[in-house]
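>>> 3D model of this:
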Amino acid sequence: MEVNGTLIWYFNICKREVWLMGRNIIPDQKDDNIDIGRFIHEESYKRQDKEISFGNVKFDVLFKDKDRLVIGETKKSSKFQEASRWQLLYYLYQLKLSGIKAEGLLLYPEEKKRVSVILSDVEEKRLEDMVDEINKILLANKPEAPEKKGFCKSCGYREYCYS
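Numbering: from 1, shown residues only. Model prediction:
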């Protein structure tokens with residue numbers, strides 16, 4: 001599996017999820033959190049271009065401003081803002097590798113919150129390291145042992161770890 005923004009997001013939440021996703025083991029699609037997130041994504045920013053595929057990544061929203069390109073990542077809540085930020089930085093990095101300069105916006109419609117994201121050289125290096133680490137996880141024969149976190153209660157993969 002090729003590294004994508006979703007794997008970057010999972011990497012910053014739970015490395016076990018990276019391994020499961022890499023094996024095409026999908027989270028419980030009947031999980032309420034997944035349904036809510038899907039609804040927010042579908043119902044927000046209806047006037048913008050949405051679901052823009054670019055190589056192996058997919059941007060939630062594209063904003064066209066006079067002289068700049070802004071891509072947005074829509075999330076249910078800012079609870080995992082740091083993981084979301086890295087996901088968006090990865091999208092900006094992929095665009096930069098193709099010669100496209102862009103800025104990012106983390107979008108939290110339910111909170112009426114927007115967070116600006118701009119890629120730096122330091123973050124580029126960290127992303128390259130993350131990609132290397134993700135590839136090692138994907139090549140492993142088995143996932144890391146479950147590590148109990150606050151996130152586990154609402155995780156769509158919880159049955160794979162604690163059943």
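>>> contacting residues for residue 24?
For residue 24, the residues meeting the contact criterion (Cβ atoms under 8 Å, 6 or more residues apart in numbering) are residue 1. Bear in mind the C-beta positions are built from the backbone N, C-alpha and C, glycine included.
>>> ok, now residue 95?
For residue 95, the contacting residues are 54, 69, 71, 101-102, by Cβ under 8 Å, 6+ apart.
>>> show the model's pLDDT score for it.
According to the per-residue confidence, residue 95 scores 95 in pLDDT.
>>> please apply the same query to residue 77.
Per-residue pLDDT puts residue 77 at 88.
>>> check residue 28 too.
At residue 28 the predicted local distance difference test score is 66.
>>> turn the contacts of residue 95 into JSON lines, including secondary structure.
Compiled in JSON lines, those are given as follows (DSSP: H, G, I helix; E, B strand; the rest coil):
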{"residue": "54", "secondary structure": "strand"}
{"residue": "69", "secondary structure": "strand"}
{"residue": "71", "secondary structure": "strand"}
{"residue": "101", "secondary structure": "coil"}
{"residue": "102", "secondary structure": "coil"}
